[in-house]
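> Quick check, what structure comes out for this input:
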Amino acid sequence: AEDLPTGSLHELKAELDRRWPQLALPPGWPARQLRQRAERMVERLADYLADAGAPLAVEAEFDLEVGRARLRGKIDRVEDAGEGAAIVADLKTGRSAPTKEKAATHPQLGAYQLAVEGGALELPQGTRSAGARLVYVGADTVRATRREQPALVPEPDGTSWASALVAGAADAMASARFAAHTNDLCSMCPVRRSCPLRPEGRGVVA
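Numbers count the residues shown, from 1 in each chain. So this is what the prediction gives:
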């Protein structure tokens, strides 16, 4: 995806063939199963690239200050949306996509949009964000599963839900206390035995 950002199915499959031996997988059904999944992912990727906007940047690094916070990261794709706008695309190899409602305020995509709006990427001057999307090439579907996020709409004071989210996270990290909030990752949290919101953690609360 990085080396062939406009690759056709033929080109992507040829590259998969070339690189596959580098994994040095032992022969057997697990390797065959992985190869089949990789081929399906490449097919979904090629299908997505066929009608995606022209890539303005690939694996684009950014460094941006938002209030007291410093955001640094790397964006998979920044695509031309026309009329001086760009769409951020984040490629995912996982199978499970968030709901459309959650994607609308997906924090990672919001941060990426802030990077575009803040001029933190090597894009034409004045490029604005036209939105962002998650592209799941690993989902068990015929085509890549997409989850769209609308462009950020600034409030009268110039802030947005994304900048407020970053500012809130920075304030929380700088605080002497952390408020516990229930979320989708609670069942996998490594400190749930010490969390007052979890049955197994309430016993340690004074």
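> Pull out the buried residues from the lowest-mean-pLDDT helix or strand in the chain.
Comparing helices and strands within the chain by mean pLDDT, DSSP states H and E singles out helix 161-174 as the least confident, with a mean of 90. By neighbour count with 16 or more other C-beta atoms under 10 Å, helix 161-174 contains the buried residues Ala162, Ser163, Leu165, Val166, Ala170. (Each C-beta comes from the backbone N, C-alpha and C, glycine too.)
> Pull the distance from that helix to the chain's centre.
Distance of helix 161-174 from its chain centroid, counting by C-alpha atoms, centre = their mean, to the nearest Å, is 18 Å.
> ditto for stretch 34-47
19 Å.
> would you put the C-alpha positions of that stretch in PDB?
These are the backbone C-alpha positions of stretch 34-47, laid out as PDB (Å, rounded to 0.1, in the frame of the first residue of the first chain):
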ATOM      1  CA  LEU A  34      -2.600 -16.800   5.800                       C
ATOM      2  CA  ARG A  35      -1.700 -16.600   2.200                       C
ATOM      3  CA  GLN A  36      -5.400 -16.800   1.200                       C
ATOM      4  CA  ARG A  37      -6.300 -14.100   3.600                       C
ATOM      5  CA  ALA A  38      -3.400 -11.900   2.300                       C
ATOM      6  CA  GLU A  39      -4.700 -12.400  -1.300                       C
ATOM      7  CA  ARG A  40      -8.200 -11.400  -0.300                       C
ATOM      8  CA  MET A  41      -6.800  -8.300   1.500                       C
ATOM      9  CA  VAL A  42      -4.800  -7.300  -1.600                       C
ATOM     10  CA  GLU A  43      -8.000  -7.700  -3.800                       C
ATOM     11  CA  ARG A  44      -9.900  -5.400  -1.500                       C
ATOM     12  CA  LEU A  45      -7.000  -2.900  -1.500                       C
ATOM     13  CA  ALA A  46      -6.900  -2.900  -5.300                       C
ATOM     14  CA  ASP A  47     -10.600  -2.400  -5.500                       C
END
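> Quick one: name whatever helix or strand follows the lengthiest helix in the chain.
Among the elements of type helix in the chain, defined by DSSP state H, the one spanning the most residues is helix 29-51. The helix or strand immediately downstream of helix 29-51 is strand 55-66, counting by DSSP states H and E.
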